[in-house]
Structure formats: C-alpha cells, structure tokens
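Trainee: Can you look at this prediction? I've put the sequence above it.
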Amino acid sequence: MKYWIVVVSKDHITRGTAGGFIQANHGKQGPLKRMAVNDWVICYSPKVAYGGNELCQAFTAIGQVADDEIYQHKMADDFIPYRRNIKYFPCKETSILPIIGELSFIPNKKSWGYPFRVGFFEIGEADFKLIYSSTVDWVE
C-alpha cells in the first residue's frame, strides 16, 4: 500500500469528492497509473479556487483508490482529462501550518511549499498517519 499527495484547488476537489473521482496534474494519465487499489490519497489545496489568489493551505480530502479503472471524462471539447475512482471519507479541512515541522517529506521548513510544486507525489506511512489523524472525523 502506498500513500499519495495530490495538489488540487479546493473548488476542484469539492467536485471530485462529490463525484467520487480524482484528477491529477491537470488530467494527466501518468500519476493515476502509479496508484493501486486501496492506496490512500490525500488532497492538499494551496488555493481556494483554481487560478485564484485566495490561499487555502490545507488538506481538504482523503480517500482510497476504489478500483483499477482509469478513464477519460469530457469536460470541454478541448479538455478530456483522465480520472480515477476514489472512495472518499468524511474529513475536516485542516491547515498544514501547525504540522509542517513534523512532516518528513518537507526537508526545508522555511521553503515548505516546494514539495507541492510537482502536483503529485508519494509520502511515507508516518506522514500519512500524522495527516490522517488531524483530518479524519471518524474512527474505524
């Protein structure tokens, strides 16, 4: 099992959670192919709206890869992104700021936003558990 961070604006992940899917890196197929069934996905939203300036800087969704299917969905004539089905769990939006110092995937705490620039990356289990425990509203 692997643990992934997907960087996505809050307005976009709101649509994804409502529809039970994820898109990564502006609809590219490659990141989705790296995921496997039951892998965990955490969404980090740097901004409230795609293309906007209002900061969010929070973890906004968490879920598990639901199946093996990767598919395309036509959103516009010139934009047919790839998607993957995700089983999302209830969670609360949680600021990254209080836990930056504890996250090992952020080596330079002064430039903490740098790892998020790639848009999609794997994290370790300890970092996942830290984020999970601060965002999930339910207990298994």
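Mentor: Structure's in. What do you need? Residues are numbered from 1 along each chain as shown.
Trainee: distance of the spatially most central residue of the chain from R15?
Mentor: When the chain is reduced to its mean C-alpha position, the closest residue under CA atoms, centre = their mean turns out to be C43, at 2.1 Å. Distance of C43 to R15, given as CB to CB, to the nearest Å: 12 Å. All C-beta spots, glycine's among them, are computed from the backbone N, C-alpha and C.
Trainee: ditto for K47
Mentor: Applying CB to CB to K47 and R15 gives a distance of 15 Å.
Trainee: for the strand ranked longest in the chain, packing partners?
Mentor: Counting by DSSP state E, the longest strand found in the chain is strand 55-72. Packing partners of strand 55-72 (3 or more CB pairs under 8 Å, 6 or more residues apart in numbering; DSSP states H and E): helix 10-19, helix 29-34, strand 40-47, strand 82-88, strand 94-95, helix 125-135.
Trainee: could you dump the ones you listed to JSON lines with distance to Y3 and mean pLDDT?
Mentor: JSON lines is the format used below for the helices and strands packed on strand 55-72 (distance: least, CB to CB, whole Å; pLDDT from 0 to 100):
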{"stretch": "helix 10-19", "distance to Y3": "17", "mean pLDDT": "96"}
{"stretch": "helix 29-34", "distance to Y3": "12", "mean pLDDT": "96"}
{"stretch": "strand 40-47", "distance to Y3": "5", "mean pLDDT": "98"}
{"stretch": "strand 82-88", "distance to Y3": "13", "mean pLDDT": "97"}
{"stretch": "strand 94-95", "distance to Y3": "16", "mean pLDDT": "95"}
{"stretch": "helix 125-135", "distance to Y3": "4", "mean pLDDT": "93"}
